[in-house]
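Q: based on what follows, work out the 3D shape:
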Amino acid sequence: MTRFLAISLVCGSALACLFRATSRTPKAVADVAGCYDVTVGTWSGPFPSGVPEASQAPRTIRLLAKTHPQRPGYYRAEPELPLLRGVVPSGYHARPQFPPEWQIANDTLIIGSSDGYVGLTLHTSIGGDTLRGYARAGQHVMGPQPTAPAVLVRAHC
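A: Predicted coordinates:
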């Protein structure tokens, strides 16, 4: 358990440093904020969580230019993942949600949401009305997680 805590602290500190080095200019945020239709391609493999429904992207996502209430440097996104809206497979008990969030890290848009056990993160390039990148399923256990190509196309809100 002590080793796990030490690894968690080191990884958490490294991620915190990485995210502090991100570009969060008001113009960049204003340029990216808005609504996008989301298309996710075929996943690269099985979901270790056993709950693939929990890592599916919504058809449309709205990136708000409103700061995240608990995480400085992050912004709010809507809607919550299907899992967090109560659309869960039978027998799975959703945990308290972490509000959907987004940030700009260098030239990458990162959108994420999780219930603390499973979730989804979208990583795309920034520029124009079509953003291309990938989706990554998440689970609280470290190890390989499936990915899929992802495209976000600006839409009307």
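
Q: the residue nearest in space to the middle of the chain sits in which helix or strand?
A: In the chain, the centroid-proximal residue (Cα atoms, centre = their mean) is G112; its distance is 1.5 Å. Counting by DSSP states H and E, the element that carries G112 is strand 108-114.

Q: and the pLDDT for V40?
A: On pLDDT, V40 comes in at 96.

Q: swap that for R71, sorry
A: Note on R71: pLDDT of 83.

Q: count the residues that sit near it.
A: 14 (other Cβ atoms under 10 Å). C-beta coordinates here come from the backbone N, C-alpha and C atoms, glycine included.

Q: my guess is it contacts E101, does it?
A: Yes: in this structure R71 lies within contact range of E101 using Cβ atoms under 8 Å: 6.2 Å.

Q: would you map the strands across the chain?
A: Using DSSP state E, the strands assigned to the chain run over residues 34-40, 60-67, 75-78, 98-105, 108-114, 118-125, 130-139, 147-155.

Q: least reliable of those by average pLDDT, please.
A: Averaging pLDDT over each of these puts strand 98-105 lowest, since it has a mean of 88.

Q: partners of it in the sheet?
A: Strand 98-105 pairs in its sheet with strand 75-78 (antiparallel), strand 108-114 (antiparallel), by DSSP bridges.

Q: in the shortest one, which residues are buried?
A: I take that to be strand 75-78. 75-77 (16 or more other Cβ atoms under 10 Å).

Q: okay then, goodbye and thanks.
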